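J.: Here is a sequence with its predicted model. Questions after.
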Amino acid sequence: MLLEEPVRLASVLTPAKPKVFPSLTKIVGTLGPKSHSVEVIQGCLTAGMSVARFDFSWMDAEYHQETLNNLRKAAQNVKKLCPVMLDTLGPEIQVHNSTGGPIELKAGNHVIITPDISKALSAEILPIKFGDLAKDVKKGDTLFMGQYLFTGSETTSVWLEVVDTSGENVNCLVKNTATLAGPIFTLHASQVHISLPTLSEYDKQVISTWGSRNNVDIISLSHTRSAEDVRELKSFLQSHDLPETQIYAKIENSEGLDHFDEILKEADGIILSRGDLGIDLPPENVFMFQKTAIHKCNLEGKPVIVTRVVDSMIDNLRPTRAEATDVANAVLDGTDGILLGAETLRGLYPVDAVSTVGRICAEAETVYNQPLQFKKVMWHVGDPMPHEESVASAAVGSAIKVKAAAIVVFTFSGRAARLISKYRPTMPVLAVIFPREGSDPSKWRSYGTTQARQCFAVRGVYPLMGSTDEAETGGLTKEEYGIKLALNYGRSVGIVKPFDRVIIFEKIGDSSVVKIIECEG
């Protein structure tokens with residue numbers, strides 16, 4: 001962190017200057033009951049939401065389709081692209097409370113977990129839709145159940161200790177008094193391998209229908225436990241006409257931690273799901289995993305997103321002091337994005353949650369130690385540097401030295417923009433993306449628009465859709481058209497001003513080129 005005293009302390013009392021973008025750090029918002037309408041989604045997009053997440057662990061495809069249709073209307077209204085992230089269910093064990101009424105469990109009592117779903121839910125019996133739990137757990141194992149993963153409150157969650165098993169039933173000792181409420185309770189077995197597939201049949205059905213029909217941009221693979229999980233999903237996507245969909249591995253258990261390095265190499269991005277990780281890991285170890293995992297993602301140039309940051313904003317207009325500091329620390333660690341779950345899905349203040357997190361991120365970015373990160377990535381890449389790495393790092397280094405207002409990148413797949421972001425420039429990266437010849441960029445499903453939307457998950461990258469036809473009509477080369485498009489956009493939103501310098505990064509033939517241009521007065 002870069003912090004100069006007493007200048008920085010004095011600046012705390014100075015109102016923050018308005019910014020074109022709320023932050024370079026991206027915000028993923030989960031859409032649901034409180035963020036279903038066009039108006040609220042539009043408010044979230046304007047406040048700084050960059051990615052829309054659809055969580056298929058609840059509600060049906062019809063409901064999510066309505067929400068997606070509203071997202072498209074909202075995005076069109078504010079003239080923004082917004083990628084769709086489909087979050088899978090994975091090997092999640094759920095206890096369904098058909099009545100929705102509260103269940104009180106008292107410390108010292110015993111409760112039986114059974115796969116017999118004909119049994120009524122009570123303080124003595126907890127029916128689940130999984131028949132092999134008794135085979136997977138043993139005496140002394142810890143089970144966790146309730147709403148903690150959604151609310152952050154342990155008064156609505158319970159810790160259970162396995163006493164013994166009898167046939168398919170698991171007898172547990174209740175460790176703390178809690179009242180379970182709501183239609184669904186999640187059951188998590190701490191540091192236990194659950195014999196359910198990472199990509200469930202339900203997930204396959206959702207992806208092959210809803211996902212394929214809507215050409216989802218990113219799939220968040222819940223409970224990723226190995227690189228093979230990622231490869232299996234890749235193969236499935238290929239077979240269902242979704243070869244361009246990116247896979248973000250969601251790390252939320254000890255198995256994912258054990259295989260983190262191999263998962264990172266295989267996945268397009270990483271999501272650190274701290275809700276479940278906070279159960280599998282001792283509290284004192286969570287921060288170390290976060291810092292280490294983010295550092296590894298940064299060195300590889302893979303986007304990394306952190307979850308569970310402002311849980312209290314589900315019910316409150318402001319986050320706690322600890323939560324605000326937690327968001328800032330994630331930015332200083334190097335995260336690409338912050339994922340809001342219940343805060344936007346069913347929280348009372350979805351738009352405020354997005355804008356508040358954006359402001360915290362923007363302030364943290366002002367003291368982010370970019371020079372140190374730059375040196376770490378350079379050291380990791382090593383000598384001799386690959387050609388593209390060398391030119392990308394030179395582009396960012398030049399932008400810093402000449403105090404450029406922006407970096408303009410020409411890219412087809414988005415890879416060049418991600419490469420620039422890897423070196424963490426302090427200014428926005430405007431990625432000009434041209435669609436594949438013969439495709440219609442005005443359509444949701446088209447090569448180029450998918451890649452552009454995916455760039456919104458990468459720190460500091462803001463994609464612009466180019467048009468070959470417009471370039472030819474105006475008698476311009478792609479390069480001339482792309483620079484004009486980026487500069488006009490930069491001027492319109494206040495990024496680029498007269499006499500500002502802008503860095504251009506592009507490929508010409510087999511060569512990568514960096515240029516410095518000065519904007520006209």
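T.: Arrived safely.

J.: quick one: L264 from D258, how far?
T.: From L264 across to D258, the span is 13 Å (C-beta to C-beta, to the nearest Å). From N, CA and C alone the C-beta is placed, and that goes for glycine too.

J.: got it, and V95?
T.: Distance from V95 to D258, counting by C-beta to C-beta: 27 Å.

J.: In terms of neighbours, single out the busier of the two.
T.: A count of neighbours by other C-beta atoms under 10 Å puts V95 above the other of V95 and D258, at 21 against 12.

J.: A strand includes that one, no?
T.: Yes. Counting by DSSP: H, G, I helix; E, B strand; the rest coil, V95 is part of a strand.

J.: residues in contact with V137?
T.: By C-beta atoms under 8 Å, 6 or more residues apart in numbering, the contact set of V137 is 143, 162, 165, 170, 189, 192.

J.: pLDDT at the fourth one, what is it?
T.: Pointing back at V170 there. As summarised for this prediction, V170 has a pLDDT of 97.

J.: Give me the below-cutoff pLDDT ranges for the protein.
T.: Using pLDDT under 70 as the threshold, the predicted model of the chain has low-confidence ranges 1-21, 147-155, 436-447, 521.

J.: so how far does stretch 26-39 reach from one end to the other?
T.: Start-to-end span of stretch 26-39 (C-alpha to C-alpha, to the nearest Å) is 21 Å.

J.: Just give me how far it sits from the chain centre.
T.: How far stretch 26-39 lies from its chain's middle: 14 Å, per C-alpha atoms, centre = their mean, to the nearest Å.

J.: on that earlier part again, kindly indicate the member of the contacts of V137 with the most neighbours.
T.: Within the contacts of V137, neighbour counts (other C-beta under 10 Å) peak at V170, which reaches 27 neighbours.

J.: what's the closest non-adjacent residue to that residue?
T.: Take V170 and drop its neighbours on the chain: the residue closest to it by C-beta to C-beta, 6 or more residues apart in numbering is I113, 4.4 Å away.

J.: measure the most centrally placed residue in the chain to G460 for me?
T.: Residue closest to the average C-alpha location in the chain (C-alpha atoms, centre = their mean): I305, at 4.3 Å. Remark: distance between I305 and G460 (C-beta to C-beta) = 14 Å.

J.: Repeat that for V174.
T.: According to C-beta to C-beta, V174 and G460 sit 48 Å apart.

J.: Next, the buried residues of stretch 414-426.
T.: Of the residues in stretch 414-426, those with enough neighbours to count as buried (16 or more other C-beta atoms under 10 Å) are 414, 416-426.

J.: Return the alpha-carbon coordinates of it using PDB.
T.: Extracted as PDB, the C-alpha positions of stretch 414-426 are listed here (Å, rounded to 0.1, in the frame of the first residue of the first chain):
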ATOM      1  CA  GLY A 414     -10.000 -10.100 -25.200                       C
ATOM      2  CA  ARG A 415      -6.600 -11.700 -24.400                       C
ATOM      3  CA  ALA A 416      -4.600  -8.600 -25.100                       C
ATOM      4  CA  ALA A 417      -6.800  -6.600 -22.800                       C
ATOM      5  CA  ARG A 418      -6.400  -9.200 -20.000                       C
ATOM      6  CA  LEU A 419      -2.600  -9.100 -20.600                       C
ATOM      7  CA  ILE A 420      -2.500  -5.400 -20.100                       C
ATOM      8  CA  SER A 421      -4.600  -5.700 -16.900                       C
ATOM      9  CA  LYS A 422      -2.200  -8.200 -15.600                       C
ATOM     10  CA  TYR A 423       0.300  -5.400 -15.000                       C
ATOM     11  CA  ARG A 424      -2.300  -3.400 -13.200                       C
ATOM     12  CA  PRO A 425      -2.300   0.000 -14.900                       C
ATOM     13  CA  THR A 426      -3.700   2.900 -12.800                       C
END
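
J.: for the buried residues of stretch 414-426, which one is nearest Y489?
T.: Using C-beta to C-beta, the shortest approach to Y489 within those belongs to A417, at 14.7 Å.

J.: Excluding chain neighbours, what is closest to the closest one?
T.: Excluding its sequence neighbours, the residue lying closest to A417 (C-beta to C-beta, 6+ apart) is A431, at 3.8 Å.

J.: I'd guessed the one you found sits against G414; true?
T.: Yes. Here A431 reaches G414: they are 6.8 Å apart, a contact under C-beta atoms under 8 Å.

J.: joint contacts of those two?
T.: With contacts defined as C-beta under 8 Å, 6+ apart, the residues shared by A431 and G414 are 452, 455, 463.

J.: Looking at the residues you listed, spot the one nearest H380.
T.: Lowest distance from H380 to these (C-beta to C-beta) belongs to C455, with 22.8 Å.

J.: got the contact list for the residue nearest to that closest one when sequence neighbours are not counted?
T.: Leaving aside its chain neighbours, C455 sits nearest to P463 (4.2 Å; criterion: C-beta to C-beta, 6+ apart). By C-beta under 8 Å, 6+ apart, P463 lies in contact with 81, 414, 417, 430-433, 451-453, 455-456.

J.: hmm, back to that, looking at V174 and G460, which is more packed in?
T.: For V174 against G460, the residue with the higher neighbour count under other C-beta under 10 Å is G460, and the figures read 25 against 18.
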